[in-house]
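1. The following comprises the amino acid sequence and a computationally predicted model.
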Amino acid sequence: MSLLNIFDIAGSGMSAQSVRLNTTASNLANAESVAPPGEEAYRARYPVFAAELESAAGGHLPLSTEAGDSEGQNVQVLGIVESDKPFNVRYEPDHPYADDNGYVTYPNVNAVEEMANMISASRSFQVNVEMMTTARTLSERILNMGR
């Protein structure tokens with residue numbers, strides 16, 4: 001693996017974790033939004049990641065790689081999926097958006113779970129930054145060896 005590949009891998013990881021942080025922030029922002037009767041409430045959203053493998057010969061995705069071969073691996077965001085967990089339904093007969101039975105539909109967002117996701121994504125982003133910093137320091141030391 002080339003030292004320059006480290007920057008690509010860390011950069012793609014940072015980009016993926018940014019998407020994860022944005023979806024988590026969106027989930028937290030909508031955690032207490034209420035759906036009017038007859039409309040569906042906000043559904044929690046989560047990004048789906050995959051390792052993207054590129055062969056050195058033209059950027060084709062190989063079907064398999066040999067063990068230990070990590071050249072050209074990046075993190076790819078495949079998309080964002082909505083949670084299929086049931087909505088949170090609360091009995092609040094005085095609420096303006098209560099249905100005929102007095103129930104109000106809230107999103108299926110678990111704030112504790114989202115905070116754990118935020119901490120995990122933030123830490124992953126930080127690790128990628130540290131990896132880039134270490135690779136930069138090593139590159140500088142290699143360049144200074146020739147002096």
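-> Alright, I've got the coordinates. Everything quoted here is computed from the prediction, not taken from an experiment.

2. Run a quick neighbour tally on N5.
-> 16 (other CB atoms under 10 Å). For glycine as for every other residue, the C-beta is placed from the backbone atoms N, C-alpha and C.

3. my bad, should have said D84
-> 8.

4. Could you tell me the phi and psi values at it?
-> The phi/psi pair for D84 (degrees, to the nearest 10) reads phi -100, psi 10.

5. Which residue comes closest to it once chain neighbours are left out?
-> Once flanking residues are discounted, D84 sits nearest to R43: 8.0 Å by CB to CB, 6 or more residues apart in numbering.

6. Surely the one you found forms part of a strand?
-> No. Checked against DSSP: H, G, I helix; E, B strand; the rest coil, R43 lies outside a strand; its state is coil.

7. Torsion angles phi and psi at it?
-> Torsion angles, degrees, to the nearest 10, at R43: phi -110, psi 140.

8. now it: how far from V77?
-> Distance, R43 to V77, by CB to CB, to the nearest Å: 18 Å.

9. what does V34 give?
-> 30 Å.

10. Repeat that for A50.
-> Taking CB to CB, one finds A50 at 8 Å from V77.

11. Of these two, which one has the most company?
-> Taking neighbours as other CB under 10 Å, A50 and V77 compare with V77 leading, 18 against 12.

12. ok, and for the host helix or strand of that one, which residues are buried?
-> Assigned by DSSP states H and E, V77 belongs to strand 73-82. Within strand 73-82, the residues scored as buried using 16 or more other CB atoms under 10 Å are 73-75, 77.

13. do the same with stretch 98-112
-> Under 16+ other CB under 10 Å, the buried positions of stretch 98-112 are 98, 103-110.

14. Spatially central residue in the chain, please.
-> Among the residues of the chain, the one closest to the centroid is R20, at 2.4 Å (CA atoms, centre = their mean).

15. so that one sits right up against A121, yeah?
-> Yes. Contact criterion CB atoms under 8 Å: R20 and A121 qualify, at 4.2 Å.

16. which stretches of the protein form strands?
-> 45-53, 73-82, 88-91, 103-106 (DSSP state E).

17. right, so of those, which gets closest to A16?
-> Smallest distance to A16 across the strands of the chain (CB to CB): 4.3 Å, for strand 73-82.

18. Since that was my last question, I'll sign off now.
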